[in-house]
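**Q** Requesting a structural model of the entry that follows:
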Amino acid sequence: MSRTVQQLFSLEGRTALVTGGSRGLGLQIAEALGEAGAKLVLSSRKAADLEEAAAHLKARGIEASWIAADASQPEQVQALADEALKRLGHIDILVNNAGATWGAPAEDHPLEAWDKVMNLNVRSIFLLSQIIAKRSMLPRKSGRIISVASIAGLGGNLAGMQTVAYNTSKAAVINLTRALAGEWGPHGINVNAIAPGFFPSKMTAGLMKSIGADVMASHAPLRRIGDDEDLKGLALLFASDAGKHITGQTVPVDGGVSAMIGG
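**A** Numbering: from 1, shown residues only. Next comes the predicted model:
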């Protein structure tokens, strides 16, 4: 007998590790997973932000703890994985959300800034996915990996952006998602990515200030930017049994912007 929709979307008894989970898009995704029943571990660099985020989730009835770690540092990625597995026992869902950007004209983009963006946005996703898959998902022949890409990875610069490293890194995340899905699919691991458009966040604050939220919204057919609910549905679909036959996909959540640029 087939399950109900509520059963398919339930994450009761599941565990999740969310990087970049202390605020913004990562916290929104953590809320969605926790509200569906998952037990959470959040990670980001700043303990104070994580403590506040965990308290916010607990106030909503969500079981959540936190681990401060710099995902751009391989030794800290390893330590994060060790501690998260120790607390959770195993990890059913890995959300790779930690990321950074850097604004500069391509001809003047500093090499050290290029490396910073690539190390956090691409290398850390590969390293953490590799560790969690090897130690928890492959042995159990089950797992969900969700990486946060961007519509910036689907095309060139948008709305005056000068973020060549960021755009390149997010395109890499999209193809890393495809590659891991192909390799790990036979082992019961689904790997997908979410490509947000413009959402209010610390990362986009400068761009929104210089361009204006109204102008950014005008680029979307829905004439709005993302809000604090818009990633929840897709994140839960990818994390739950409702999405068990979806892998290797990157889905934009952008009000239709990518449809206009051929994404």
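**Q** Below-threshold pLDDT in the stretch 51-200 of the chain: ranges please.
**A** Under the criterion pLDDT under 70, the flagged ranges of the stretch 51-200 of the chain are 157-160.
**Q** same thing but 80
**A** Low-confidence regions of the stretch 51-200 of the chain, defined here as pLDDT under 80, cover residues 156-161.
**Q** Now do the helices in it.
**A** According to DSSP state H, counting those that start in this stretch, the stretch 51-200 of the chain carries its helices in the segments 74-88, 111-118, 124-132, 138-140, 164-184.
**Q** so which of the ones you listed comes closest to V41?
**A** Of all the helices of the stretch 51-200 of the chain, it is helix 74-88 that lies closest to V41, at 4.7 Å by CB to CB. Bear in mind the C-beta positions are built from the backbone N, C-alpha and C, glycine included.
**Q** Go ahead and name everything in contact with that closest one.
**A** 15, 17, 19, 39, 41, 43, 65, 67, 69-71, 91, 123-124, 127-128, 131-132, 135-136 (CB atoms under 8 Å, 6 or more residues apart in numbering).
**Q** which among the residues you listed end up buried?
**A** 15, 17, 19, 39, 41, 43, 65, 67, 69-71, 91, 123-124, 127-128, 131-132, 136 (16 or more other CB atoms under 10 Å).
**Q** Could you pick out which of those are located in strands?
**A** Among the buried ones among the contacts of helix 74-88, the members found in strands (DSSP state E) are 15, 17, 19, 39, 41, 43, 65, 67.
**Q** Name the member of those residues with the shortest distance to D227.
**A** Comparing every one of those with D227 (CB to CB), the shortest separation belongs to T19, at 22.0 Å.
**Q** Touching, that closest one and A98? I think so.
**A** Yes - applying CB atoms under 8 Å, one finds T19 in contact with A98, separated by 4.0 Å.
**Q** what do those two both touch?
**A** By CB under 8 Å, 6+ apart, T19 and A98 have these common neighbours: 26, 43-44, 71, 124.
**Q** Could you identify the most distant pair in those?
**A** Put simply, by CB to CB the two of these set farthest apart are G26 and S124, 13.3 Å from each other.
**Q** Identify the residues contacting D254.
**A** Neighbour list for D254: 151, 195-198, 220, 226 [criterion: CB under 8 Å, 6+ apart].
**Q** repeat that for 10 Å
**A** Shown in contact with D254 (CB atoms under 10 Å, 6 or more residues apart in numbering): 150-151, 154, 158, 195-199, 219-222, 225-226, 230, 260-261, 263.
**Q** What helices and strands are in contact with the helix or strand hosting A235?
**A** Element membership for A235, per DSSP states H and E: helix 232-239. In terms of contacts (3 or more CB pairs under 10 Å, 6 or more residues apart in numbering; DSSP states H and E), helix 232-239 is packed against helix 5-9, strand 15-19, helix 24-35, strand 93-96, strand 143-148, strand 189-196, strand 250-253.
**Q** mind listing what's buried in it?
**A** When neighbours are counted by 16+ other CB under 10 Å, the buried residues of helix 232-239 are found to be 232, 234-239.
**Q** Please produce a markdown table containing these, extended by distance to V191 and pLDDT.
**A** As requested, these are exported to a markdown table (distance: CB to CB, whole Å; pLDDT from 0 to 100):
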| residue | distance to V191 | pLDDT |
| --- | --- | --- |
| K232 | 20 | 98 |
| L234 | 14 | 98 |
| A235 | 14 | 98 |
| L236 | 16 | 98 |
| L237 | 14 | 98 |
| F238 | 9 | 99 |
| A239 | 12 | 98 |
